[in-house]
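In: Sharing a model that was predicted from the sequence below.
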Amino acid sequence: MDAAVNNIIGLLVKSSPDAQMIGKTIAVSRFPLTLGRSGGTCDQCLEDPRVSRQHLEISLVDGAPVCRDMGSTHGVLLNGGKLEGSRPLAGGDVILIGGTQLLVVLNAAVPTSGPAAPAAASGAATPAPKASAGDRNDSLLSRFYADDAQAFKQMVNDEILSRLKQSTGIAGSRVKDAEFRDKVTAMLDTVIEERWYQAPHDIERDALRQLLLYDLLSFGPITPYLEDPSVNEIMVNGPDRVFVERKGRLEETRCRFSCNAHVMTVIQRIVEPLGRRVDESSPRVDARLPDGSRVNAIISPIAIDGPSITIRKFSKERFKGEDLLKFGSLTPGMLQFLREVVRSRQNVIVSGGTGSGKTTLLNVLSHSIPLDERIVTIEDSAELQLNHRNLVRLESRPPNLEGKGEVTIRDLVINSLRMRPDRIIVGECRSREAFDMLQAMNTGHDGSLTTVHANTPRDALLRLENMVMMAGFDLPVVAIREQVASAVDIIVQQTRMVDGGRRITQISEVTGREGDVITMQDIFFFKQTGLSRYEDNKIRVEGYYEATGNIPAFVEEMKRTGDLNIDLSIFKASREESLRV
C-alpha cells in the first residue's frame, strides 16, 4: 500500500442539529473513498437528508489526496467555497457535506491494510491544535478579522437581531437590563450551536462567542481595549483602522469593524442613553461612557473615510497627588503648594494642550477642597470624579431635532450662581462662558477652578481675553484685562512631553496689571535638559524641576494671619533640591 494512503484521516467535527450527531473519525486505508447517504454504494454512510446517495469522493492523484463532488444535489463546500471539479486536499482543510463537517488531518497514524475502517466512536470531536501562549492573541485576532470569519459573525449577528425583533423588539437602551442580557446570551449560544457547522474550521468558538457578545451587548470590537487598563486612548479612523495609545505611544491594533454601519451602531449605542444624536444634519457629537470616559464621534459627510470615534479613557481608580509624584509630573514641594492654593480658595486655571492631563489634574486638585463646602461642577460631558457629598453635577445639552432645548455651558454657569455654591468648577472654558466664569470669580466665588487650551500661562490669559470678547459685550480691552487680572490667581501649565509623559511645566501667579499688560511671575518650572534612549530605542525626557524663589502674595498674607500650612523652604531657588525625572 502506498505510503500516501496512510497519510489521511477525516475527522468529523460537527453535524447540524437536524442531522445525525457524529463524533467519530474516519480512518482511510484505501482509495478511492466515497461518502454519501447510501450504505450500499458508498464506503462511508452519512445519515443526513441533505447528503446525496453518492456525494463525495476522495482519491489519490500522484500520491496526494484529491476530492471531487460526485454530482450531489446540494453540492460540497471546501473551506467555505463551492467545490468545482477536483481539488487537492491539505491538512486543516474543512469539507462541508450537507450539515456534516469534516476536518482533514494529514500524517496521521492509521491502519495500513484491510478494507476501509468503520467509523469508530470517539466521543467529542478532537479540537484543533491551539496556538502557543506567546502568539495566541495575535493569531486569534488575525483569524477573527479575516473575511470568512467576519461573514460568519455577521450571519450569526443578523440571525440574533432578527429573532429579537420578532420576540421582544430590540432597543439599545435595554442592553443594561440583566434579564435582557441573559436572553441575548442564551439566544447567541443557541444560534452558534445551530450554525457552527458553517463556521470557518480554524477559529476558536469561545473567543468568537465573546466577540459576538461585544457586538450585541457592548461597544463592539473596541470593548477589550476599553477594559484594558494599559490603554489610555482609543481612535477609530474608519472601520479598518483602529489605533490605541499605551504609555503615551500610539500603536495600530488588529481590531476591525465589519463596515461603516458597524461603527455607526457603536456610536449610536454610546450617545442614545445620553439623549444625544448624531446624523447627517448633526454629524458630530461629544458624549461619555458610563465610567466617565470622554467620547467624540464624527460621521459622514464631514468624516470622509468613514465614521470616526475618539475615546479618552479615565482610570477607574481616582488619581491622587501621590500618583502624580510617582509619574514624575511634579515635585513634593509643588504638590504641597497646589494643595495650599486650593485650600486657601485661590482661583485656578489649568492650562494645556489636548491630552496633556488637564482634567486629571483638576480631579487631583479638587481632592483638597474641604468636605464642608458646596461644589457645583459644569461640563460638556461629565468627566470629573469628585468625592464630595455636597456636590451638584451639571452637564450641557445640545439642541433637539427641531433646534430647541439647547442648554449651554454659559447657561449653566449663570444658573449655578443661584445654587449657593462655595466653589464652581467648569470642566473647560472654550467660548462665551469665560465671561460669566470670570464674573463669578470676581463676585465672591473664590476658589473656583477651570481649564483652558493654551501652550503657556501667557497664552492662557490671551485665550481668556479672546473668549470674553466672544460673549458679545462691547467692552474695551483694558476693562477685560482688568477683570482677568483681578479674577485669576494661579495658572498651572500642564504639558504632554515627547516621551508621552504628562508634567506640570510651569506654575505662575497673576500679580496684577501694569498699563495694558497683565503681570505674572513664575513660582515653579520644569527645565528640559535633553533626551535619552532605552529599551527598543524608546525616548525619555531628561530634566529637572526648580523653584524660582518667588513667593506668591497670598502666601505672605496667610503667613501674617497664621493660617499657612506649608513650609516656605519649598520656594527656595535651589536646583539641588529639585526632583530629577
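Out: Noted; the coordinates are in hand. Numbering: from 1, shown residues only.
In: how about the strands of the stretch 251-400 of the chain, start to end?
Out: Secondary structure of the stretch 251-400 of the chain by DSSP state E, counting those that start in this stretch: the strands cover 284-288, 294-298, 308-312, 348-352, 375-379, 391-395.
In: Which among those strands is found nearest to Pro421?
Out: For those, distance to Pro421 was read as CB to CB. The smallest value, 4.2 Å, belongs to strand 375-379. From N, CA and C alone the C-beta is placed, and that goes for glycine too.
In: So what are the sheet partners of the closest one and their directions?
Out: Sheet partners assigned to strand 375-379 using DSSP bridges are listed as strand 391-395 (parallel), strand 423-426 (parallel).
In: so of the ones you listed, which one's packed in deepest?
Out: Ranked by mean neighbour count, those are led by strand 423-426 with a mean of 26 (mean count of other CB atoms under 10 Å).
In: what about Gly355, distance to Asp489?
Out: 26 Å (CB to CB, to the nearest Å).
In: more neighbours, those two?
Out: Between Gly355 and Asp489, counted using other CB atoms under 10 Å, the more crowded position is Asp489 (22 against 16).
In: wait, the more buried one sits on Val348?
Out: Yes. Between Asp489 and Val348 there is a contact at 6.9 Å, judged by CB atoms under 8 Å.
In: Give me the common contacts of the two.
Out: In terms of CB atoms under 8 Å, 6 or more residues apart in numbering, Asp489 and Val348 are both contacted by the residues Val341.
In: End to end on stretch 390-409, go ahead and measure it.
Out: 21 Å (CA to CA, to the nearest Å).
In: What mean pLDDT does that stretch get?
Out: Averaged over stretch 390-409, pLDDT sits at 85.
In: beta partners of Arg533?
Out: Ile539.
In: which parts of the helix or strand hosting Ser59 are buried?
Out: Using DSSP states H and E, the element containing Ser59 is strand 56-61. For strand 56-61, the buried set under the neighbour-count rule, 16 or more other CB atoms under 10 Å, comprises Leu56, Glu57, Ile58, Leu60.
In: Please apply the same query to stretch 324-337.
Out: Leu324, Gly328, Ser329, Leu330, Thr331, Gly333, Met334, Leu335, Gln336, Phe337.
In: Kindly report the same for stretch 291-302.
Out: Those would be Gly292, Ser293, Arg294, Val295, Ala297, Ile299, for stretch 291-302 by 16+ other CB under 10 Å.
In: Stretch 340-357 too?
Out: Quick answer for stretch 340-357 (16+ other CB under 10 Å): 340-352, 355-357.
In: what's the answer for stretch 265-277, then?
Out: Thr265, Val266, Ile267, Arg269, Ile270, Val271, Leu274, Arg276.
In: Please enumerate the helices of the stretch 201-350 of the chain.
Out: Assigned by DSSP state H, counting those that start in this stretch, the helices in the stretch 201-350 of the chain fall at 205-217, 223-227, 260-271, 321-327, 332-343.
In: Could I get those in TSV, plus columns for mean pLDDT and distance to Glu557?
Out: TSV is the format used below for the helices of the stretch 201-350 of the chain (pLDDT from 0 to 100; distance: least, CB to CB, whole Å):
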stretch	mean pLDDT	distance to Glu557
helix 205-217	82	57
helix 223-227	87	47
helix 260-271	90	48
helix 321-327	88	24
helix 332-343	93	12
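In: out of these, nearest to Gln439?
Out: Closest approach to Gln439 among those (CB to CB): helix 332-343, 20.9 Å.
In: so that closest one versus strand 348-352, what angle?
Out: 130 degrees (axes from the mean of the first three to the mean of the last three CA atoms, to 10 degrees).
In: okay, who's weakest in the buried residues of stretch 340-357 by pLDDT?
Out: Minimum pLDDT across the buried residues of stretch 340-357 falls on Gly355, with 83.
In: How about the contacts made by the nearest residue to that residue once chain neighbours are set aside?
Out: Counting by CB to CB, 6 or more residues apart in numbering, Gly355 lies nearest to Arg496, which is 5.6 Å off, once chain neighbours are set aside. Contact analysis of Arg496 by CB under 8 Å, 6+ apart lists Gly248, Gly352, Gly353, Gly355, Ser356, Gly357, Arg502.
In: How about Leu365?
Out: Leu338, Val341, Val342, Val348, Val350, Leu449.
In: I'd like the residues you listed as CSV, with distance to Thr519 appended.
Out: Output for those, formatted as CSV (distance: CB to CB, whole Å):
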residue, distance to Thr519
Leu338, 21
Val341, 19
Val342, 23
Val348, 18
Val350, 20
Leu449, 22
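In: Kindly indicate which of those lies nearest Glu556.
Out: So of those, ranked by how close each gets to Glu556 (CB to CB), first place is Val341, at 13.9 Å.
In: And the closest residue to that closest one other than its chain neighbours, how far from Gly515?
Out: The shortest distance from Val341 to any non-neighbouring residue, by CB to CB, 6+ apart, is to Ile490 (5.4 Å). To Gly515, Ile490 is 23 Å away according to CB to CB.
In: Also Met70?
Out: 98 Å.
In: hang on, isn't Ser308 packed against Val242?
Out: No. Under the criterion of CB under 8 Å, Ser308 lies out of contact with Val242, with a separation of 10.5 Å.
In: Overlap in contacts, those two.
Out: With CB under 8 Å, 6+ apart, Ser308 and Val242 have common neighbours Met235, Val236.
In: ranges for the strands of the stretch 401-550 of the chain?
Out: Using DSSP E, counting those that start in this stretch, strands in the stretch 401-550 of the chain cover 423-426, 449-453, 490-496, 502-514, 517-534, 538-547.
In: so where's this protein shaky on pLDDT?
Out: 1-29, 39, 105-146, 167-177, 202, 316, 536, 574-581 (pLDDT under 70).
In: domains of it?
Out: 3-121, 138-312, 321-577 (automatic domain parsing).
In: give the contact list for Ile270.
Out: Phe219, Ala287, Leu289, Val295, Ala297, Ile309.
In: who touches the spatially closest residue to the fifth one that is not a sequence neighbour in this structure?
Out: So that's Ala297. Of all residues not flanking Ala297 in the chain, Ile267 sits nearest, at 4.6 Å (CB to CB, 6+ apart). Contacts for Ile267 (CB under 8 Å, 6+ apart) come out as Val278, Val285, Ala297, Ile299, Pro307, Ile309.
In: cool, Glu395 as well?
Out: Ile378, Glu379, Asp380, Ser381, Ala382.
In: Pick the one among these closest to Arg50.
Out: When the contacts of Glu395 are compared against Arg50 (criterion: CB to CB), the nearest one is Ser381, at 53.7 Å.
In: can you list contacts of stretch 484-491?
Out: 341, 346-351, 438, 441-442, 457, 460-461, 464-465, 468, 506-510, 512-513, 518-520, 552, 554.
In: Select only the buried ones of the residues you listed in ChimeraX?
Out: A single ChimeraX command selects the buried members of these (16+ other CB under 10 Å):
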select :341,346,347,348,349,350,351,438,441,442,457,460,461,464,465,468,506,507,508,509,510,518,520,552,554
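In: re the thing from before, drop anything exposed from the contacts of Glu395.
Out: Ile378, Glu379, Asp380, Ser381, Ala382.
In: Nearest to Ile203 among the residues you listed?
Out: Ser381 (37.3 Å).
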